[in-house]
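[1] Mind folding the following:
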Amino acid sequence: MKVTAYAASVGHSIWFSHDLGETWNRAFTPTGGIYNESRAWCVATHPQRPGEVLAGTDLGVYRWTTAGDRWDHLPSPMDGLHILQIAQSPHDPDVVFAGTRPAQLFRSGNAGKTWRRCDLGNSAECDFINTPRVTSIHFDPRDPDTIWITIEIDGVFVSRDGGGTWEKCVNGLKSPDTHNLVFFNDDNGDGRTIFCSTEEGLHKSRDEGRSWQWIDVPDAPWPYFRCIAKRADDSGVMFLSVGDKPSGEQGMLFRSRDKGETWERVDLPEPPNTTIWWIATNPADPNLIFFCTIFGQIFRSTDGGEVWQKMRRELGELRMIAWQPAA
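    Numbers count the residues shown, from 1 in each chain. This is a model prediction of the structure:
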């Protein structure tokens, strides 16, 4: 299977790779449709839209299509904001949520033609980074009308009516500096565990986010837990990135083989140069996984995360990596 990988770069727009991350290129400058030195924060793909990518930048939302061979700007109320996260419903790719800095959430029901702002009731200011920002968006794997988001620094929010109303879920969190979520169903199918990574470690909820419990990861030398992602199969394998601080100078990858019950440090071919910022999985091939550091390193595994290879090319400052089967 041929795939295309995408990397969102702060200062060099969106990079493309057609050879599993070995080499990278950008859209042709005169006709590419995007300023190639723009700051891009996120990329989103959907299995029902092969060859299409949505990107969040500091210039607005852009859509790439293989047929058009260019980025097209989608005007929205987010023009002028930092668009940090975009997610499409797994049930309907026309339903799109986008999160920004300052922390706001917008919904489109027509593939980005129009948008409305969701009323989260979130904080406008916070400690340390001053302005809260959306760090992840998740469509609930059980209920298409339930959407979860994390905000740095303001906690976890959930809507159970398609984005109409929102509930803040921070009871038990050591820190409202939340980064990402992972969902695991129990083996018997009755209940589930939701994991949340934060500045003060990993937490889990057994009651749909109403309360959280801190989890000890014994070998982690720092409490700053950034990205969590499960392998895109039913194996129970989950990955967790740990760093010495938000950008930092050191990073580690941890793996759980039992839905977060126990953890082991992953051997990497060389130390990550910063906190690992994003882990990219795709159900099209659960064995193909990428991750990127905030300062441009890209690592790849083709065996489900057992063995990793660092890509030769480094891409400056990165925020997200994703991939999809080539159109």
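
[2] Run a quick neighbour tally on the residue nearest to L120 when sequence neighbours are not counted.
    Of all residues not flanking L120 in the chain, W166 sits nearest, at 4.9 Å (Cβ to Cβ, 6 or more residues apart in numbering). Backbone N, C-alpha and C define where each C-beta goes, glycine included. W166: 19 surrounding residues under other Cβ atoms under 10 Å.

[3] From S247, how far off is W166?
    To S247, W166 is 30 Å away according to Cβ to Cβ, to the nearest Å.

[4] With G236 instead?
    31 Å.

[5] buried set for the one helix or strand K168 maps to?
    Assigned by DSSP states H and E, K168 belongs to strand 167-169. Using 16 or more other Cβ atoms under 10 Å as the test for burial, strand 167-169 gives K168, C169.

[6] Direction included, what does it pair up with?
    If you go by DSSP bridges, strand 167-169 pairs up with strand 155-159 (antiparallel).

[7] what comes into contact with the partner strand?
    Contacts with strand 155-159, where a contact means Cβ atoms under 8 Å, 6 or more residues apart in numbering, come from 118, 120, 122, 146-151, 165-170, 173, 176, 178, 181, 196, 208-209.

[8] Buried members of those residues into ChimeraX, please.
    A single ChimeraX command is used to select the members of the contacts of strand 155-159 judged buried by 16+ other Cβ under 10 Å:
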select :118,120,122,146,147,148,149,150,151,166,168,169,170,173,176,178,181,196,208,209
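
[9] Can you flag which of the contacts of strand 155-159 belong to strands?
    Counting by DSSP state E, the contacts of strand 155-159 place I147, W148, I149, T150, I151, E167, K168, C169, T178, L181, C196 in strands.

[10] ok, the residue nearest to L120 to I149 distance?
    W166 sits 8 Å away from I149 when distances are taken as Cβ to Cβ.

[11] Any chance you could list residues touching both of those two?
    Common neighbours of W166 and I149 (Cβ under 8 Å, 6+ apart) are L120, F157, V158.

[12] Per-residue pLDDT of the last one, please?
    Predicted confidence (pLDDT) for V158: 98.

[13] same check, this time on M1
    Turning to M1, the model gives it a pLDDT of 89.
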